[in-house]
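S.K.: kindly return the folded structure for what I paste below:
(4 chains)
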Number of protein chains: 2
Amino acid sequence: MVKRTTKKYTVGIRIWINEEQGHFMGIGRVRLLEHIRETGSITNAAKAMKMSYRQAWQMVEDMNSRSDKPLVEKILGGKGGGGAKVTEAGEKAISLFYKLEQKIEQISNELSGLINL
Amino acid sequence: MVKRTTKKYTVGIRIWINEEQGHFMGIGRVRLLEHIRETGSITNAAKAMKMSYRQAWQMVEDMNSRSDKPLVEKILGGKGGGGAKVTEAGEKAISLFYKLEQKIEQISNELSGLINL
DNA sequence: AACCGGTATGTTTTTTAAAACATATTGAAT
DNA sequence: ATTCAATATGTTTTAAAAAACATACCGGTT
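M.R.: Predicted coordinates:
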């Protein structure tokens, strides 16, 4: 028995991807992309996440305009009024993010073990 | 020449310490502790950081009440009206935080190299 | 050409967090 | 016992972010 602390502490970590202008994509936007993939539209993705369509649309717009290739392809009008789909570049971004997050997750656990308050 | 991306991306990371009830101490509170150490009071620390005394006081209160031993010792009344000083436990928390942050910093750089968007 | 459901975008309202303000309390020093 | 500067705490105001609302546009389908 070496430690005699009463409280239990852990290390919390948040990770995101920065583009030149700053914050580009965090877990929230990744989830949005996934919901777009599932539902086929920004409207329904937003509903599923209980966020406003406006905000969801703006996030997509921001990501698209700041990445080399758009992460979401938007379809205007037509059958069903249109929709949105995650592009190949979008899928790549999603999996990259999870890869990074996974590495961090494990490191977070290691660091928690170092706490000696 | 293997990569041909136009944009440059980096990984951003935030780290903090959780106590059982959740967020306990991040970089903001660490800086507050350091300013208290420098100035000898919550009042002056808050001024130096351009935050309201009220908020600074509440942060100290929160940290003290949730840690085993208080991180800040507050002196009420007396010479100069009183003051505040960082305890041994407080100093320990500060250096632990920086130690964790430093490890993370380096990992952040490594991960940035993995980005291939 | 009328319909439909989603995109696109401006405007207003609500919510929430932070700041600002106000005042009482404390205790050593004079 | 008065003073002083800091702690302690309640109340009000401001500011920023999110949500809500409203409406125009778009283009296959019928």
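S.K.: neighbours of whatever residue of chain A ends up closest to DNA strand D, how many?
M.R.: Residue nearest to DNA strand D within chain A: A:Gly77 (2.2 Å; Cβ to the nearest atom of the strand). Quick note: C-beta positions are derived from backbone N, CA and C, even for glycine. Using other Cβ atoms under 10 Å in any protein chain shown, the number of residues around A:Gly77 comes to 7.
S.K.: A:Glu88 now?
M.R.: A:Glu88 has 10 nearby residues by other Cβ under 10 Å.
S.K.: ok, it - contacts?
M.R.: Residues counted as contacts of A:Glu88 (Cβ atoms under 8 Å, 6 or more residues apart in numbering or on different chains): none.
S.K.: look up how far chain B lies from it.
M.R.: With the distance defined as Cβ to the nearest Cβ, to the nearest Å, A:Glu88 ends up 11 Å from chain B.
S.K.: I'd like the average pLDDT over the longest helix along chain A.
M.R.: Longest helix in chain A by number of residues, with DSSP state H as the criterion: helix A:88-112. What helix A:88-112 shows for mean pLDDT is 97.
S.K.: how about stretch A:7-17, does it reach DNA strand D?
M.R.: No. Stretch A:7-17 lies out of reach of DNA strand D by Cβ under 7 Å from any atom of the strand, never closer than 14.0 Å.
S.K.: which residues are in contact with that stretch?
M.R.: Contacts of stretch A:7-17 (Cβ under 8 Å, 6+ apart): A:23-27, A:93, A:96-97, A:100-101, A:104-105, A:107-108, A:111-112, A:115, A:117, B:9-20, B:23-24, B:66-68, B:100, B:104, B:111, B:115, B:117.
S.K.: how far out from the middle of the chain is that stretch?
M.R.: 17 Å (Cα atoms, centre = their mean, to the nearest Å).
S.K.: one more: stretch A:14-23?
M.R.: With Cα atoms, centre = their mean, you get 11 Å for stretch A:14-23.
S.K.: buried ones in it?
M.R.: By 16 or more other Cβ atoms under 10 Å in any protein chain shown, the buried positions in stretch A:14-23 come out as A:Ile15, A:Trp16, A:Ile17, A:Asn18, A:Glu19.
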